[in-house]
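**Q** structural data only, the sequence is not supplied:
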């Protein structure tokens, strides 16, 4: 670009890549979600949820080798978790500490600035494997098969979105620095207690048998913004995540009025454009809007396709689950998260290569 164009107030070259990224996210979640519902997937939000995570984390297509490696890691970790869950299902005092160790490893990697989007992926694996294995043995397939199908679908959706909306050679936005907590072990231990407690409650309370959206939402909150970042950031996190739940409520009402696959794809596309578009921007609030998209997919997906073999709760109850999850995560975080030092020394950063 000529120097005169750069100095004349021309639009930033990062705008077009961010716009395409947001469009890819919206396209993947809308098409993937509608296809999953139409094909009768047990948990239709899984594939779109993972696709959104892959597309938000990367501006380039996921390499085949990396995708295969990620799927292999999930299969190995999921197989071990499924074996442990089956072997210790009747001995919770053995199962829960082992789950705690798994959660701690994930959270410690996150607090140390490692893992990236894979941390949330592994947390979802650690949440869903025991819940599906113990509480839903009538799904017709194993929890690991359901998760592997969801992750594989997410990878394919991300590839298809890049194929439809490829990068055109523009300058991409600079990757954000990874935050490193000054006390990663203490932060990981606190996060482990928070998540393990809510998973335990879901396992022992029969009326929460279909409430896996609660621990997944808690994990999503934990990977977003630290309360110690300030009250203003915390309030913004709560409001944006609640906005995702409100949008899901409105979308469900509209779908009830005009129940069709076309209505569904339009509603999810709009949510993807609003939340996914903001998650694609190189801003400090991107992770929070990514969490709002996760909240939308969880609530809307739980509403249109309740787990088989369980009593379908009212949609208002499912909204209540999300409110409980957000309130629980923020309250427990305020109580247990280690306090940061002054802002100049509170967080170290690792620049992404």
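**A** Done, it's in. In this text the structure is predicted, and so the values were computed from the model without any measurement. Numbering: from 1, shown residues only.
**Q** every contact and neighbour count from this point should use C-alpha atoms.
**A** OK.
**Q** ok, which stretches of the stretch 201-350 of the chain are helices?
**A** With DSSP state H, counting those that start in this stretch as the criterion, the stretch 201-350 of the chain has helices at 213-222, 231-257, 261-271, 277-279, 286-304, 315-336, 343-346.
**Q** save these as CSV, and put in mean pLDDT, mean neighbour count and distance to residue 204 too.
**A** Formatted as CSV, the helices of the stretch 201-350 of the chain follow (pLDDT from 0 to 100; neighbours: other CA atoms under 10 Å; distance: least, CA to CA, whole Å):
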stretch, mean pLDDT, mean neighbour count, distance to residue 204
helix 213-222, 89, 26, 14
helix 231-257, 82, 18, 26
helix 261-271, 95, 19, 33
helix 277-279, 91, 25, 35
helix 286-304, 87, 26, 20
helix 315-336, 83, 18, 16
helix 343-346, 41, 10, 38
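**Q** would you format the ones you listed as a markdown table with distance to residue 202 included?
**A** Converted to a markdown table, those look like this (distance: least, CA to CA, whole Å):
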| stretch | distance to residue 202 |
| --- | --- |
| helix 213-222 | 8 |
| helix 231-257 | 20 |
| helix 261-271 | 28 |
| helix 277-279 | 30 |
| helix 286-304 | 16 |
| helix 315-336 | 11 |
| helix 343-346 | 34 |
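**Q** which one of those lies closest to residue 25?
**A** helix 277-279 (7.5 Å; CA to CA).
**Q** quick one: list the elements packing against the closest one.
**A** Judged by 3 or more CA pairs under 8 Å, 6 or more residues apart in numbering; DSSP states H and E, helix 277-279 is in contact with helix 15-38, helix 286-304.
**Q** which residues are in contact with residue 74?
**A** Applying CA atoms under 8 Å, 6 or more residues apart in numbering to residue 74 gives the contacts 122, 125, 148.
**Q** so what pLDDT did residue 310 get?
**A** pLDDT recorded at residue 310 is 49.
**Q** same question, the one 3 residues further on
**A** Per-residue pLDDT puts residue 313 at 55.
**Q** quick one on the thing from earlier: tell me which of the helices of the stretch 201-350 of the chain lies nearest to residue 193.
**A** It's helix 315-336; of these, that one is closest to residue 193 (CA to CA) at 8.7 Å.
**Q** contacts for that closest one?
**A** Contact with helix 315-336 is made by 190-191, 194, 211, 213-215, 217-218, 221-222, 227-228, 234, 238, 241-242, 245, 249, 295, 299, 302-303, as judged by CA under 8 Å, 6+ apart.
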